[in-house]
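**Student:** could you look at this predicted model? Sequence included:
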Amino acid sequence: MMLFAILLRLFPRAFREAFGEDMRRLFTDQRHAAQPRGWPARAAFWMRTIVGMTASAWRERRDRRSVGRHTPPIVETLTADLRLTIRMLIARPLFSAIVIAAISLGVGGVATIFSGLNAIVLRPLPGALDGDRLVGIDRRTPDFSEGVSASVRFYEHLGEQSRSLSGVAAWSRVPLTIVVGQEAYALSGNIVSDNYFDVLGVRPAVGRFFEGAGSNRNAADPSIVLSHATWIALFHGDQSVVGRSVAVNGRPYRVIGVAPAAFRGVFTPLKIDAWVPLAAQPHVHPQRDLIDQPWLWIFGRLEPAIETSQARSELATLTAGWAGGGGDQFVRYTSIRLSPLTGLPDDAREAILQFGAVLLGAALLVLVIASANVSSLLAMRATARRREMGIRTALGASRGRLVRQLLTETLTLFLAGGFGGTLLAMIGTAALERLPIPADQGLSLELSPDLRVLLFAIAVSLVVGLVFGIVPAVRSASRNPVTLLRASPAGGGRRTLTTSGLIVAQMACSLVLLTTAGLFIRSVAAGAAIDPGFDARHVVLASFNPRAFGYDDNKSHAFYAALQQRLESTSAVEATTYADRVPLTMSNSGANVSVDGAGKDGRERMLMRVEVGVVDTSYFNTLGIRLFAGREFARTDVASSGAVAIVNETFVRRAWQGISPSEAVGRTYLSGKRPVTIVGVAADSKYSTLAEPATPFVYRPQAQRWNAQQTLFIRMKGDPATAARMVQDAVASIDPLLPRTTVTTLEREASIALLPQRVAAIVTGVLGVAGLVLAAIGLYGLVSYGVTLRLREIGVRLALGATNGDVVRMVLTQGLRLTAAGACLGLIAAAFATRLVKAYLLNVSAMDGVAFTGAVLVLLAVAILAAVVPARRAGSADPLVALRTD
Amino acid sequence: MSSDPRDFLPLKPVDLELLLALAGQNLHGYGLVQEISEHTGGLIVLDPGNLYRVIKRLLIDGLIAESDRDVIDNPERRKYYRITPLGGRVLAQELDRLRRLVTATSTRQTVKRWTS
């Protein structure tokens, strides 16, 4: 009945009053008649009623309109405005195209950045059902400053106890090797609780997902779920793969299903090829008992009608109880932070949001420049249309009516620009996705715009259109018809003043953009110039995880030894070593050590936070790191001999003030309760990031801190490009059933250290150029317009003996005065704006003179170019022609 | 408003059906829908909007009118409609036109050619 009432409302009031009651009766009768005849009859009845009523209502209203009675005036004017607008825009295709292009460019930048942000941090998890009900669960200290991953037992505790979440799931990353036919492939896998897909609400594309509610760890028959991409790549989309057995890390697994293509895991930028259940942990992660170790990420789905805050307080209580009740050793981590599960860990999410906000600000500047351009274009055209406005006013058009018409035109243009901008964002995000990101191949970005981006772009364009369109609209409609009709080009004075103001603003915005871009470019250069303390040239890398091959520790040792031996026998290789971390890739692993004999009097015991790296023999030789004293690790430093370490200068300086490196050799520090003897002191180098401060660093020998996952470093004598083939052949000669090794260079890997600066430099550079071009076009337009307005004056001057040079100089000065004003304003604005990007600058001051001077010079050069063309045209004008112009 | 029946010809199929239905008896909305549906073998089933648009048009043209039927027979006070004399003439003319159309020699030949 409700629905019918709504349908009835569609009809004109008069019609409703005449027939509404009868229509209602008829409807009721028909419904009763359809009722007993089953649902097909009922569906047909509703279909007929809804479609029929809507169509009739529309026809009824149309009929009345054609008779010309009682159309609401607002609708009528709007349609009239729109019709007129479209006719106007089509009549001046060049003007419309230029304006729409300028707005598209401005909106395009904003939409591209927003689209990227949207894809990475804002939109709910792709592929998941009701993604906004999913929350990431992050165990933290009460002040949220430090976090710890979940252990299996902690995860089970939350899963069993929580009432505010309908399900809690856990996952972690795991490297997998899968053998298909005779070929082995290295996959990046996830190990997940059985309810992982259930909680996410993901339906399998083929087959099924893991069954069982908990974290069953003892399944005898391990199963694997493939990603859609892996299924296509390795099995050519063959449905019959489900149920088949494949070798995973040296053991048979049963393929039970394929995930849908849209689902890209919980951290979307990481590529995921396959999922194995938590039950597979003893096989794929055999190193230690992981029941009490923190290694899992957890997330949950909120029960209906439960708020995030309610769930948070419940989980915090559970966590506090767990930590207080001796659940594990992480007693300080008593609190919980919940964050929307949008595809990134919480910290990364915030960092990217802040970084994105900076880029978005830069993009907004371009939009402002573009809009200012459009605003002056509109103002100029308004001048050209004064006669039209005058006639319309004289014929009785009200001022509001004219303003509305002009605004409709402007907003239509901006709306088109909004769509154009979204199109540009598609191109822009595709370009961003292809940015050369040197990280491992496990990264896959999908940034393309969705409906949300389109709506955002349209909203932005309409708001900007209103802001920049209202002044020209009100302005041009406000004139007295008599003045308007006396159409003479003079009297554009006030308008030129506004336009000049806009040009100054554009120049200022451009300068801010250029300065920022300059700072980032300088940052990349300065970053590249930082001496990392090691020699990355000619060093190639290959990482291995023999566990993923199904190797035990003995077999892994043998593999590494054999590989090293094979490679060192090659003439192209100068030296090789293994290490557990690659410098400058933002990886870190820290520890606390205590040092005796610290302090001025040498009697204190000091606790010190250090970074730790585990390296093989000849690490320092291979990477070209200087040893100030002592020796490299030797084959004799084995597990059974005394614990030894090599420390860096900063370690020595912090631990024992004023002693030389050679004095430090032979001293000991305590790792836990165990004394470790220092056998060497190495030069400081950069370990995690280029910007890091001097860090105390401890190297431990591989034999004493064994970890199956290692990276091979090879210093090549010859061309590093030949190394890939060499390493792959060597690996295949040891075990042909190993996946193809990915070989890269240390330079390439370490360049990720400059990634934020590089991305920022590219993005702000592109935006800077776009802004500059737009501003130059604006300046060009204004100067040429000025020349047209002053043609008669120029003619007089030329006739009175002014030289061409005088005229050129006069026009140029006019343009450059505006540029200079803009540059001054821009410098002030830039001084503030660059503070916002300070955090992302490397070894470059936010007030860097080179960047500021460079930006001003570029701006001036482009401004001169933009002004000189119309100036020369003015200079070469024929006084006779110029004087005759009206 | 014209009073020459020819001005209304040819009738729209729905109008024709409605006038036909009312020619036999006075009917209210639901009765009309049912009658038309039966008569056309379910080909034309009108929804309320459609029906009353047709009714409105025929009322304006003066082909039908509200009937003043006994309240005793019509406790719900539904509106009944009747055909007007003009409506009757229009209907007769239209049926005559259709009859001539159907019985014309050329029509019969066409029918013979395309059926079977």
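**Tutor:** All right, it came through fine.
**Student:** quick check, A:Gly590 in contact with A:Val610.
**Tutor:** Yes - under the criterion of CB atoms under 8 Å, A:Gly590 is in contact with A:Val610, at a separation of 6.7 Å. C-betas here are computed from N, CA, C, even on glycine.
**Student:** more neighbours: which of those two?
**Tutor:** A:Val610 (22 against 13; other CB atoms under 10 Å in any protein chain shown).
**Student:** contact residues of chain B facing chain A?
**Tutor:** B:28-30, B:33, B:45-53, B:55-56, B:76, B:78-79 (CB under 8 Å from any CB of the partner chain).
**Student:** would you write a PyMOL line that selects the buried entries of those residues?
**Tutor:** Typed into PyMOL, the line below selects the buried ones among the residues of chain B next to chain A, using 16 or more other CB atoms under 10 Å in any protein chain shown:
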select buried, chain B and resi 28+29+30+33+45+46+47+48+49+50+51+52+53+55+56+78+79
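**Student:** next helix or strand past the lowest-mean-pLDDT helix or strand in chain A?
**Tutor:** Least confident helix or strand of chain A, by mean pLDDT, DSSP states H and E, is helix A:481-485 with a mean of 62. The helix or strand immediately downstream of helix A:481-485 is helix A:493-529, counting by DSSP states H and E.
**Student:** buried residues of that following helix, list them for me.
**Tutor:** In terms of neighbour count (16+ other CB under 10 Å), helix A:493-529 has its buried residues at A:495-496, A:499-500, A:502-527.
**Student:** now do it, average pLDDT.
**Tutor:** Summarised as a single mean, pLDDT over helix A:493-529 is 85.
**Student:** elements contacting that helix?
**Tutor:** Packing contacts for helix A:493-529, counted by 3 or more CB pairs under 8 Å, 6 or more residues apart in numbering or on different chains; DSSP states H and E, involve helix A:346-384, helix A:451-477, helix A:755-789, helix A:804-836, helix A:849-875.
**Student:** for A:Leu302, find the nearest of those helices.
**Tutor:** Closest approach to A:Leu302 among the helices and strands packed on helix A:493-529 is made by helix A:346-384 (16.9 Å; CB to CB).
**Student:** pull the distance from that closest one to the chain's centre.
**Tutor:** In this view, helix A:346-384 has its centroid 17 Å away from the chain centroid, taken as CA atoms, centre = their mean, to the nearest Å.
**Student:** so which bits of it are buried?
**Tutor:** By 16+ other CB under 10 Å, the buried positions in helix A:346-384 come out as A:346, A:349, A:352, A:355-356, A:358-383.
**Student:** likewise stretch A:168-177?
**Tutor:** So stretch A:168-177, judged by 16+ other CB under 10 Å, has buried residues A:Val168, A:Ala169, A:Ala170, A:Trp171, A:Ser172, A:Arg173, A:Val174, A:Pro175, A:Leu176, A:Thr177.
**Student:** so what's the gap between that stretch and the chain middle?
**Tutor:** With CA atoms, centre = their mean, you get 24 Å for stretch A:168-177.
**Student:** now do it, average pLDDT.
**Tutor:** Averaged across stretch A:168-177, the pLDDT comes to 88.
**Student:** just checking: what are the partner strands of the lengthiest strand in chain A?
**Tutor:** Using DSSP state E, we find that the single longest strand of chain A is strand A:165-180. The strands beside strand A:165-180 in its sheet (DSSP bridges) come out as strand A:183-192 (antiparallel), strand A:245-248 (antiparallel), strand A:297-302 (antiparallel).
**Student:** mean pLDDT added to those, as JSON lines?
**Tutor:** Conversion of these to JSON lines gives the following (pLDDT from 0 to 100):
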{"stretch": "strand A:183-192", "mean pLDDT": "87"}
{"stretch": "strand A:245-248", "mean pLDDT": "89"}
{"stretch": "strand A:297-302", "mean pLDDT": "92"}
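**Student:** A:Ala877 is nearest to which of those strands?
**Tutor:** A:Ala877 lies closest to strand A:183-192 among these, at 68.9 Å (CB to CB).
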